[in-house]
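S.K.: need a 3D model of the sequence below.
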Amino acid sequence: MNRPPEDAPPFAEPWQAQAFALTLGLHAQGLFSWGEWAAALGEAIKRAQAAGDPDTGERYWHHWLDALETLSLARGAVGRKELGERIEAWDRAVRATPHGQPIELRR
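M.R.: Got it, this is the predicted structure:
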């Protein structure tokens, strides 16, 4: 796995920091333990590798998000329909936002 330079920021994109913060918040609320989180993240990485992910580390945060979605669904924190709707809303917002501009999710 390629390691980033030591002075690299911890998050390459704002959504990664948001996913990290959401994970910490859900853990603090008792939705899952750190052991359960580690297992879910490990399973997400294994699924990706089984599907051909070369495990270069470039998709780590995508695996993180997969684990977060999986645990949130399994624990009833979000419904499958609601999650699908939110993913679609973000996709529309990304496509409608000019390059370099902040993405705004509107209802």
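S.K.: next one: the most centrally placed residue in the chain, what pLDDT does it get?
M.R.: What sits nearest the mean C-alpha location of the chain, by C-alpha atoms, centre = their mean, is Leu65, with 1.8 Å. pLDDT recorded at Leu65 is 94.
S.K.: what do you get for Gly30?
M.R.: 96.
S.K.: same deal with Asn2?
M.R.: At Asn2, the pLDDT value in this model is 65.
S.K.: follow-up on the earlier one: now do the closest residue to the residue nearest to the centre of the chain other than its chain neighbours, the pLDDT please.
M.R.: Computed as C-beta to C-beta, 6 or more residues apart in numbering, the closest residue to Leu65 that is not its neighbour in sequence is Ala19, at 5.3 Å. C-beta: built from backbone N, CA, C; applies to glycine. pLDDT, Ala19: 93.
S.K.: wait, isn't Ala19 in contact with Asp66?
M.R.: No - contact criterion C-beta atoms under 8 Å: Ala19 and Asp66 do not qualify, at 10.2 Å.
S.K.: what ranges in this structure fall below the confidence cut-off?
M.R.: 1-2, 107 (pLDDT under 70).
S.K.: at 90 instead, please
M.R.: Along the chain, segments meeting pLDDT under 90 span 1-10, 12-15, 54-58, 83, 86-87, 89-91, 93-107.
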